[in-house]
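Q: need coordinates for the following:
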Amino acid sequence: MAGPDTLRFALGDAAGLSSLSWRVWVMKNGDAYIACRDNYKELKVSLHGTRWRVGLTAEGAETSKHLRPDGTNRAWAVWDRPDAIGGITMGYRILFLPSESTLTPEMRHSMKWGDVEFVGVPARDWITIVTVTINDAGVDMRVDGAKSQAAALLDMPAGQRLQITFHTEQLGDDFRLALIGGYHRAMREMREARLTPPPNGRLFVTGSTPLGQFAAELNVTRPNPDPLRIIE
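A: As a prediction, this is how the structure comes out:
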């Protein structure tokens, strides 16, 4: 834990391969944010007020005009804050897939990664889901049916707590289809912007399932055969 209001984490092994690192933090006024620390820094998930969003930061909008022309809404996705169920409000989810954990220790900068907590990567065909929820006082979130799960808590005003829950499950068709759509949408947008993604580049893919909004990081270059089957 990197302080009472921030959690920095990555999936993988400090001595081996890992995902990019992510940050979840809570401001003193109760606003909560989620962002990747190593790539697509111009993007941020904002959980505050009654309208939540994924979009460009003000700084990102200035440096990413090739993606969002002047006058374009900085938000990629906006949705109403969900109703609490049993004292728990579903915030956002981040998907981590073992096939996408390709950063080596040499690719990570020690000064930036010294405060990152590493979470183990599950077996092939399983994914790790990081679920961010806002819990009323005295309430904890548990993922039904998940045998392997762990959680961290950040304090919020009025006794609420932001919970970051890690659990593993098999990659289902809901997520796979959403990832396929997000991958092809991102590649199409880059082609339309006349951008050529580097072979070792990564995509910030957003999507939704009946359980809510999520994001995932996907490698631009897909192996053959692709474990996610998103280039079929």
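Q: identify each buried residue in the longest helix along the chain, please.
A: If you go by DSSP state H, the chain has its longest helix at helix 173-192. Of all the residues in helix 173-192, those buried under the rule 16 or more other CB atoms under 10 Å are 175, 178-180, 182-183, 186-187, 190. All C-beta atoms are positioned from the backbone trio N, CA, C, and that covers glycine.
Q: repeat that for stretch 203-219.
A: For stretch 203-219, burial by neighbour count (16+ other CB under 10 Å) applies to 203-207, 213-219.
Q: end-to-end on it?
A: 6 Å (CA to CA, to the nearest Å).
Q: quick one on the thing from earlier: how about the CA coordinates for the longest helix of the chain, as CSV?
A: The C-alpha trace of helix 173-192 is given here as CSV (Å, rounded to 0.1, in the frame of the first residue of the first chain):
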residue,chain,number,x,y,z
ASP,A,173,-18.0,-15.4,-23.7
ASP,A,174,-19.4,-12.1,-22.3
PHE,A,175,-15.9,-10.8,-21.7
ARG,A,176,-14.4,-12.4,-24.8
LEU,A,177,-17.0,-10.9,-27.1
ALA,A,178,-16.7,-7.4,-25.5
LEU,A,179,-12.9,-7.6,-25.8
ILE,A,180,-13.1,-8.6,-29.5
GLY,A,181,-15.4,-5.6,-30.2
GLY,A,182,-13.1,-3.2,-28.2
TYR,A,183,-10.0,-4.5,-29.9
HIS,A,184,-11.3,-4.0,-33.4
ARG,A,185,-12.9,-0.7,-32.6
ALA,A,186,-9.5,0.6,-31.2
MET,A,187,-7.6,-0.6,-34.2
ARG,A,188,-10.1,1.0,-36.6
GLU,A,189,-9.9,4.3,-34.8
MET,A,190,-6.2,4.3,-35.1
ARG,A,191,-6.3,3.5,-38.8
GLU,A,192,-8.8,6.3,-39.3
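Q: any idea how far it is from the middle of the chain?
A: What separates the centre of helix 173-192 from the centre of its chain is 15 Å, taken as CA atoms, centre = their mean, to the nearest Å.
Q: for that helix, packing partners?
A: On a contact count with 3 or more CB pairs under 8 Å, 6 or more residues apart in numbering; DSSP states H and E, helix 173-192 meets strand 202-209, strand 212-219.
Q: report the central residue of this protein.
A: Central residue check for the chain by CA atoms, centre = their mean: the C-alpha nearest the mean position is that of I94, 3.4 Å away.
Q: for that one, which non-adjacent residue is spatially closest?
A: In space, and not counting its chain neighbours, I94 is closest to V130: 4.3 Å by CB to CB, 6 or more residues apart in numbering.
Q: and if you look at S18?
A: What sits nearest to S18 in space, not counting adjacent residues and going by CB to CB, 6+ apart, is G12, at 2.8 Å.
Q: ok, now how distant is the one you found from V121?
A: Noted for G12: a distance of 5 Å to V121, by CB to CB, to the nearest Å.
Q: repeat for G145
A: G145 is 20 Å from V121, by CB to CB.
Q: where does this structure have low pLDDT?
A: Across the chain, residues meeting the criterion (pLDDT under 70) sit at 1-4, 57-74, 111.
Q: before we move on, the earlier item: which pair in the buried residues of stretch 203-219 spans the largest distance?
A: Greatest spatial distance in those: Q213 and N219, 21.8 Å, computed using CB to CB.
Q: thinking again about what came up before, okay, G145 and V121: which has more neighbours?
A: Legend: neighbour count by other CB atoms under 10 Å for G145 and V121, higher for V121 (24 against 8).
Q: tell me the SS of that one?
A: Secondary structure assignment for V121 (DSSP: H, G, I helix; E, B strand; the rest coil): coil.
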